[in-house]
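J.: Below is the sequence, then the predicted model.
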Amino acid sequence: MNAWACDFPWPPSDNHAHHNVRTNLRILTAKAQGFVDVAKKTVADAVGAPGFAHYELQEDRLGIKLTFFPPDRGRRDIQNHTKLACDSLQAGGLVADDAQFDVVELRRAPAVPGGGIHVEVWSLSEAECAELDNWEWTEEA
């Protein structure tokens, strides 16, 4: 199993990460682009490190755990901060597509000055993949 971890700065909310410039065209805000640039560099530095086999993460089914350390004790929907982090892993070359994440775990941690996200990515084992593949939808009354 291949695993990888790093820390990202606190991202802007997905609700405020894009400008709609015209129908069907959205561009990143300057704040969102700044986050993506820092996150991409963090990922690219790790991918280029000697002995790091990121090619396994390029093809495997993956799990991701995002631990959010907000910049203050204000109320936040942490799901709104996941998209840019996952997209940055793809843009930095760690994963081929963020659709590879079959297991996603989100956690809120205590506030820290400036905030941040601790990111952990791992390849799912054959047993984990088999378990996911055998789940059945049951509709309960």
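T.: Happy to help now that I have it.

J.: residue closest to the middle of the protein?
T.: residue 86 (2.8 Å; C-alpha atoms, centre = their mean).

J.: where's it relative to residue 104, distance?
T.: Distance, residue 86 to residue 104, by C-beta to C-beta, to the nearest Å: 9 Å. Every C-beta, even on glycine, is put in place using the N, C-alpha and C of the backbone.

J.: Past the worst-scoring helix or strand of the chain on mean pLDDT, which element shows up next along the chain?
T.: In the chain, no helix or strand scores lower on mean pLDDT, DSSP states H and E than helix 54-59, which sits at a mean of 64. Next helix or strand after helix 54-59 toward the C-terminus (DSSP states H and E): strand 62-69.

J.: what about the longest helix in this structure?
T.: The longest helix of the chain (DSSP state H) is helix 30-47.

J.: Does anything pack onto it? Which helices or strands?
T.: strand 3-9, helix 82-91 (3 or more C-beta pairs under 8 Å, 6 or more residues apart in numbering; DSSP states H and E).

J.: Looking at those, which one is packed in the most?
T.: helix 82-91 (a mean of 20; mean count of other C-beta atoms under 10 Å).

J.: helices or strands up against it?
T.: Against helix 82-91 (3+ C-beta pairs under 8 Å, 6+ apart) you get helix 30-47, strand 62-69, strand 101-108, strand 116-123.

J.: tally of neighbours for residue 64?
T.: 22 (other C-beta atoms under 10 Å).

J.: meant to ask about residue 24, not that
T.: 6.

J.: and what of residue 70?
T.: Every residue meeting other C-beta under 10 Å relative to residue 70 is counted, giving 20.

J.: who's in contact with it?
T.: 10, 76, 108, 111, 112, 115 (C-beta atoms under 8 Å, 6 or more residues apart in numbering).

J.: what about it, distance to residue 119?
T.: From residue 70 to residue 119 the distance is 15 Å (C-beta to C-beta).

J.: ranking the helices and strands packed on helix 82-91 by mean pLDDT, which is last?
T.: Lowest mean pLDDT within those: helix 30-47, at a mean of 85.
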